[in-house]
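Enquirer: Coordinates for the following, if possible.
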Amino acid sequence: MQHYGEAVKNFIETHATGLTVLLVTGARVIMACRDMTRAHIAADEIRQQSGNGNVVVRKLDLACLQSVRDLVKNVTENEKHLDILINNAGVMMCPKSQTEDGFEMQFGVNHLGPFLLTNCLLDMMKKSAPSRIVIVSSMAHEKGQINFEDINLDKDYQRKKSYCQSKLANVLFARELAKRLDGTGVTVYSLHPGVVRTELARHILPTLALWQRIIFHIIVTLAKSPREGAQTSIYCAVDEGLANTSGLYYSDCAPKVPAPQARDDTAAKKLWDVSASMVGLV
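Expert: Numbering: from 1, shown residues only. Next up, the predicted model:
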């Protein structure tokens, strides 16, 4: 499956309920996935569940900026409008590796890929307003720090440190993006979906001692089901009560105050500028 968080499978597991709801209402849903074989299988299942055949699969590898640009070209040329964008794919605590463009994998897939994708679709979303951008982060942002002096962590790569940095980047991105989109009719939300029973944590198990694995399995048993884990993302995507709200962070379908470093507007602006330079937007 995918080397970054099995994003196709996890997206379907954690969002199938929401996708079905959208499709039942007549929405057209685009699934942007890396593993096209599994994506088409999942799309068929969703069509059957929803009774709506209007779900399409498009190729997207967030570890490759050209793949992001190719998807943007496909969407802008073939779709009339774009009402909701959910940035959900991710990788968690993988061994040190690089994206095709030479970025540290977790920062590249969790932040830089969605950053480029979102920015390239902004004109379309402004024309489609009111529209929404949902960025799936994590409570792990609370332990994160943006290492501007070594953004790819070449000098000191630690799996958890990298993951927390990328999840903090998600919240800061949403905060800065909301400011830039003020008055456009495009609103932005970041969120913690909860601890969900998916395979996102598959890179962690091999690093654990036996007693740690026992605790890990207990935590997994108590974790949210994929259906439960989808609720906050769907809430941010469609709840009418959030129509005039933007830039906030959510957990369990309610606004929550993120960590102090996630409310740092200077860092958010700096991260934006650094990210734009890395992905070639400036």
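Enquirer: Looking at stretch 165-182 now, give me its mean pLDDT.
Expert: Mean pLDDT, computed over stretch 165-182, is 98.
Enquirer: Tell me the buried residues in that stretch?
Expert: 165-178, 181 (16 or more other C-beta atoms under 10 Å). Any C-beta I mention is one placed from the backbone N, CA and C, and that applies to glycine too.
Enquirer: cool, and stretch 246-259?
Expert: In stretch 246-259, counting by 16+ other C-beta under 10 Å, buried: 246, 247, 248, 249, 250, 251, 258, 259.
Enquirer: which of the residues you listed sit farthest apart?
Expert: 246 and 259 (19.4 Å; C-beta to C-beta).
Enquirer: thinking again about what came up before, show me the buried residues of stretch 246-259 that map onto strands.
Expert: 248, 249, 250, 251 (DSSP state E).
Enquirer: For the closest residue to the third one other than its chain neighbours, give the beta-bridge partners.
Expert: Nearest non-adjacent residue to residue 250, counting by C-beta to C-beta, 6 or more residues apart in numbering: residue 191, 4.2 Å away. Residues in a beta bridge with residue 191, per DSSP bridges, are residue 136, residue 250.
Enquirer: By pLDDT, give me the weakest of the ones in strands among the buried residues of stretch 246-259.
Expert: Minimum pLDDT across those falls on residue 251, with 94.
Enquirer: I'd say residue 172 and residue 270 touch.
Expert: No: the criterion here is C-beta atoms under 8 Å, and residue 172 misses it with residue 270 at 9.0 Å.
Enquirer: Quick check: neighbours shared by these two?
Expert: residue 146 (C-beta atoms under 8 Å, 6 or more residues apart in numbering).
Enquirer: From the buried residues of stretch 165-182, pick the one nearest residue 101.
Expert: residue 166 (15.4 Å).
Enquirer: Which of the ones in strands among the buried residues of stretch 246-259 sits closest to residue 49?
Expert: residue 250 (25.6 Å).
Enquirer: So the closest one versus residue 280, what's the distance?
Expert: 31 Å (C-beta to C-beta, to the nearest Å).
Enquirer: try residue 248
Expert: In terms of C-beta to C-beta, residue 248 sits 30 Å off from residue 280.
Enquirer: Would you confirm that residue 182 contacts residue 246?
Expert: Yes: using C-beta under 8 Å, residue 182 makes contact with residue 246 at a distance of 7.3 Å.
Enquirer: what kind of secondary structure is residue 74 in?
Expert: helix (DSSP: H, G, I helix; E, B strand; the rest coil).
Enquirer: Repeat that for residue 189.
Expert: Once three-state DSSP is applied, residue 189 turns out strand.
Enquirer: same question, residue 100
Expert: The three-state assignment at residue 100 reads coil, by three-state DSSP.
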